[in-house]
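*Asks:* here's a sequence, model it:
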Amino acid sequence: MTKLTSILVTLLLTTIVFTSYAQKGDGDFYAFDENFKTVNSLDVATYFLNVRKDADSVFVCRYYQKNGPMLRQETYKDKTLKIKHGRFVWYNEGGKVDSTGIFVNGLKDGDFDHYDDTLGTIDTYAYKNGLLEFHKDHIKKFIYYANGNVEDLNLKSNIADTSSKIFTTVQIESEFNGGQKAWSKYVGKNFAIPKRYEAIVGRKGGRGKVTGYFTVDKIGKIGDVWLARSCEWSVDIEAIKVFKNGPDWTPAIQNGVKVKSRKRQDISFIVDPY
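*Replies:* Okay, the predicted model is just below:
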């Protein structure tokens with residue numbers, strides 16, 4: 001898990017001019033050297049922080065390597081960035097998710113998932129109002145409850161409650177109108193390779209890839225968009241925008257009722273040399 005210096009002091013400083021690649025509405029930017037000391041220009045920075053007010057009135061903070069992938073995402077409900085409220089994501093140096101989970105009013109609430117290098121889930125720690133309820137080992141297929149009980153998932157079928165759970169495996173998958181081909185067409189039509197990324201890869205060109213997760217709720221709305229594989233700030237923001245703006249889906253079905261499900265989508269692209 002990447003360790004980062006607290007941002008509460010640095011946010012009192014003047015924001016930097018991020019260059020013309022940052023458009024109106026992209027939020028504020030703060031530059032740091034290799035020791036996470038504040039610097040005045042992105043030109044001499046090693047890392048930077050982008051703070052954006054999200055559509056649902058929460059503040060999302062994303063730390064980046066200057067010309068590389070994300071290090072960490074934090075979400076707060078107040079502009080002073082004191083009350084953790086929303087998704088947090090930690091990444092390895094290559095931009096792949098290490099772990100992620102959600103805070104509600106400063107407390108861990110829900111599943112905190114840990115991933116391997118293939119983006120497979122290896123452990124889940126489930127919390128409610130800040131208290132650990134259980135630890136699920138996805139490799140050994142055991143659940144270790146806080147009260148000391150142990151459940152062997154190898155011995156039973158997984159028929160779960162459908163009231164609030166977010167499903168990754170369902171009996172009938174959620175579906176975009178027109179199927180996967182139509183969804184891929186929507187993504188391809190609306191995703192544009194940012195100029196900033198083109199400038200970073202330069203004349204030699206290069207390949208880029210992001211992997212996003214999002215939920216499709218019981219009425220087909222897309223929500224909780226986050227990246228499991230980060231590429232670079234401008235690419236990530238473009239991908240998140242495309243996912244968030246996606247049209248409604250047909251919800252998933254489990255045990256005969258509509259349920260919230262999680263989807264995964266890769267976006268791969270090539271910048272041609274010039």
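*Asks:* low-confidence ranges, the stretch 151-274 of the chain, go.
*Replies:* 156-165, 167-170 (pLDDT under 70).
*Asks:* hey, where'd the helices end up in it?
*Replies:* 179-190, 195-201, 233-244 (DSSP state H, counting those that start in this stretch).
*Asks:* compare those helices and give me the one nearest residue 146.
*Replies:* helix 233-244 (34.4 Å; C-beta to C-beta). C-beta coordinates here come from the backbone N, C-alpha and C atoms, glycine included.
*Asks:* okay, buried residues for the closest one please.
*Replies:* 233-240, 242-243 (16 or more other C-beta atoms under 10 Å).
*Asks:* redo those residues as TSV? Include distance to residue 191.
*Replies:* Formatted as TSV, the buried residues of helix 233-244 follow (distance: C-beta to C-beta, whole Å):
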residue	distance to residue 191
233	15
234	12
235	9
236	12
237	11
238	6
239	7
240	11
242	5
243	10
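*Asks:* what's the local residue count around residue 270?
*Replies:* 11 (other C-beta atoms under 10 Å).
*Asks:* kindly provide the distance from the closest residue to it other than its chain neighbours to residue 190.
*Replies:* Using C-beta to C-beta, 6 or more residues apart in numbering and skipping residues adjacent in sequence, the residue nearest residue 270 is residue 207, 5.4 Å away. Taking C-beta to C-beta, to the nearest Å as the measure, residue 207 falls 20 Å from residue 190.
*Asks:* can you check residue 151 too?
*Replies:* Distance, residue 151 to residue 190, by C-beta to C-beta: 43 Å.
*Asks:* strands of the stretch 1-150 of the chain, start to end?
*Replies:* Along the stretch 1-150 of the chain, counting by DSSP state E, counting those that start in this stretch, strands occupy 28-32, 38-39, 47-53, 59-65, 70-76, 86-91, 97-104, 107-108, 110-115, 121-128, 131-137, 142-145, 150-152.
*Asks:* now the stretch 151-274 of the chain
*Replies:* Going by DSSP E, counting those that start in this stretch, the stretch 151-274 of the chain shows strands at 166-167, 175-176, 206-216, 222-229, 249-250, 252-254, 257-271.
*Asks:* hey, which of those is tucked in deepest?
*Replies:* Of all the strands of the stretch 151-274 of the chain, strand 252-254 has the most neighbours on average by mean count of other C-beta atoms under 10 Å, namely a mean of 21.
*Asks:* that older thread, specify which member of the buried residues of helix 233-244 is nearest to residue 33.
*Replies:* residue 233 (17.7 Å).
*Asks:* so who does the residue lying closest to the closest one once chain neighbours are set aside touch?
*Replies:* Spatial nearest neighbour of residue 233, excluding adjacent residues (C-beta to C-beta, 6+ apart): residue 64 at 5.0 Å. The contact partners of residue 64, taken as C-beta atoms under 8 Å, 6 or more residues apart in numbering, are 47-50, 70-71, 232-233.
*Asks:* thank you, goodbye.
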